[in-house]
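In: sequence and predicted structure are below.
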Amino acid sequence: MLEYQITATVQSGGQAIAAANRSEINFDATSGRDDVLPNPAELLLTSLAACILKNVQRYSEILHIPYRKAKITIRGVRNDNPPYMKEIHYTLEVDSDADEHKLSNWHKNILKFGTITNTLRKALEMKGEMKLMD
């Protein structure tokens, strides 16, 4: 079983930093909305993006499906009262010569074996597609 640990701190005024491994991520912990730093909801979506893109690489190697580049766009829909992430929609685009069958199998594996994808799919409605880049 793997375990993960981060440390996060906030200064009065809402400037926050999370430390993971030997990296830091600045984020918005103000009571309002910062125009520069990502807020917690955006960090959640970023975590999902990181999970999916990590598995793009992993399952490209396992399934022997080469790719040149991948890009994901994620949109989260937040319920207002009470506040929670209600649904997530994503489009995963890959620059690859894979056919539709390989692409479908690749996508299934990306979702099936992702820690963040599995966690979020149990908590909310998540819809997405994987397609070849134009």
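Out: Thanks, I have the structure now.
In: what are the buried residues along the longest helix along the chain?
Out: For the chain, the helix with the greatest residue count under DSSP state H is helix 40-62. Under the neighbour-count criterion of 16 or more other CB atoms under 10 Å, helix 40-62 has 44-45, 48-49, 51-52, 55-56, 59-60 buried. (C-beta placed from N, C-alpha, C; glycine too.)
In: ok, stretch 66-78 next?
Out: Residues of stretch 66-78 classed as buried by neighbour count (16+ other CB under 10 Å): 67, 70, 72, 74, 76.
In: would TSV of those residues with distance to residue 111, pLDDT and secondary structure be doable?
Out: As requested, these are exported to TSV (distance: CB to CB, whole Å; pLDDT from 0 to 100; DSSP: H, G, I helix; E, B strand; the rest coil):
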residue	distance to residue 111	pLDDT	secondary structure
67	17	98	strand
70	14	98	strand
72	12	98	strand
74	14	98	strand
76	17	98	strand
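In: so who does the residue nearest in space to the middle of the chain touch?
Out: For the chain, the residue lying nearest the average C-alpha position, counting by CA atoms, centre = their mean, turns out to be residue 48 (1.7 Å). Residue 48 makes contacts with 74, 88, 90, 116-117, 120, as judged by CB atoms under 8 Å, 6 or more residues apart in numbering.
In: export those residues to JSON lines and append columns for secondary structure and distance to residue 102.
Out: What follows is the contacts of residue 48, written out as JSON lines (DSSP: H, G, I helix; E, B strand; the rest coil; distance: CB to CB, whole Å):
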{"residue": "74", "secondary structure": "strand", "distance to residue 102": "23"}
{"residue": "88", "secondary structure": "strand", "distance to residue 102": "25"}
{"residue": "90", "secondary structure": "strand", "distance to residue 102": "20"}
{"residue": "116", "secondary structure": "helix", "distance to residue 102": "24"}
{"residue": "117", "secondary structure": "helix", "distance to residue 102": "19"}
{"residue": "120", "secondary structure": "helix", "distance to residue 102": "25"}
